[in-house]
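Student: fold the following.
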Amino acid sequence: MNEQTNPGSPDPLDVATVKRVLEAALLSSPEPLTLQQLRRLFAGEVDADNIRKVLDELKDEWSGRSVELTAVASGWRFRVKPDYQRFLDRVSSEKPPRYSRAVLETLAIVAYRQPVTRGDIEEVRGVAVSPPTLNALLERGWVEVIGHRETPGRPAIFATTKRFLDDLNLRSIEELPPLEELQSSLAAAPHALVEAPPPAPAQQALVDGPPPQESTEPEAHAG
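Tutor: Next up, the predicted model:
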């Protein structure tokens, strides 16, 4: 990749070696890797433009396989194509994802109308949003507090996270699917909301204000 070398320095890395190193790093990483992280693999011997070119070549090489290389919000990663995930689910110990209607509706409002406060969400849904609903999304890492609105009570402002985009295999919020397709996209996510644990007290404090009137809607689930 580098054409200039110093006397006595090792030979510059060839494209094939760079490709295999990138492949090994991405296949072995449980999380997406950024371009900066991938550059560190080569200690400055390969620049960002060349790494992008090799990543594009790798993406093409893997395009016909059951695993694909994709760019997401947090970087690059390999993932199983959705058409093959159903076979792997047969040997997985995880339960099928179950979403309460309240959680799904809240996540959709945050995703498509962000940034929003709990009051904004309640205005759209027409019912009170209980703290456990928001805290389930905070615990899962799909929603985060990005600030506080300068109004009485300084309510927390919510937005989706990079992890939310990563789990939907998206690079930016502009790539979100149409609203009616969101549920099926969430069902295919690798870190779907499955029986979310009880919220931590610290996170509960982020969304707790005066206790809202609890919704009496049924907790319908969709898988």
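
Student: residue 155 - how many residues pack around it?
Tutor: 17 (other CB atoms under 10 Å). Quick note: C-beta positions are derived from backbone N, CA and C, even for glycine.

Student: use 49 as the first number from now on
Tutor: With 49 as the first residue, the last one maps to residue 203.

Student: right, and it touches residue 195 too?
Tutor: No: Residue 203 is not in contact with residue 195 according to CB atoms under 8 Å; the separation is 10.1 Å.

Student: in space, what's closest to residue 223 - neighbours in sequence excluded?
Tutor: residue 213 (7.8 Å; CB to CB, 6 or more residues apart in numbering).

Student: my guess is the one you found contacts residue 121, does it?
Tutor: Yes: counting by CB under 8 Å, residue 121 is a contact partner of residue 213 at 3.7 Å.

Student: give me the common contacts of these two.
Tutor: 219, 220 (CB atoms under 8 Å, 6 or more residues apart in numbering).

Student: coming back round to it: name the element the residue nearest to residue 223 belongs to?
Tutor: Residue 213 is part of helix 210-215, with elements assigned from DSSP states H and E.

Student: what does residue 65 give?
Tutor: Assigned by DSSP H and E, residue 65 belongs to helix 63-76.

Student: quick check: buried residues in that helix?
Tutor: Using 16 or more other CB atoms under 10 Å as the test for burial, helix 63-76 gives 66, 67, 69, 70, 71, 74.

Student: which one of those residues is nearest to residue 83?
Tutor: Distance to residue 83, by CB to CB, is smallest for residue 70 among the buried residues of helix 63-76, at 10.6 Å.

Student: so how far is residue 105 from the closest one?
Tutor: Per CB to CB, to the nearest Å, residue 70 is found 10 Å from residue 105.

Student: same question for residue 150.
Tutor: Taken as CB to CB, the span from residue 150 to residue 105 is 45 Å.

Student: those two: who's more crowded?
Tutor: residue 150 (22 against 15).

Student: secondary structure element for that one?
Tutor: Here residue 150, judged by DSSP H and E, is contained in helix 149-161.

Student: and that helix, what does it pack against?
Tutor: With contacts defined as 3 or more CB pairs under 8 Å, 6 or more residues apart in numbering; DSSP states H and E, the packing partners of helix 149-161 are helix 166-173, helix 179-188, strand 204-208, helix 230-235, strand 269-270.
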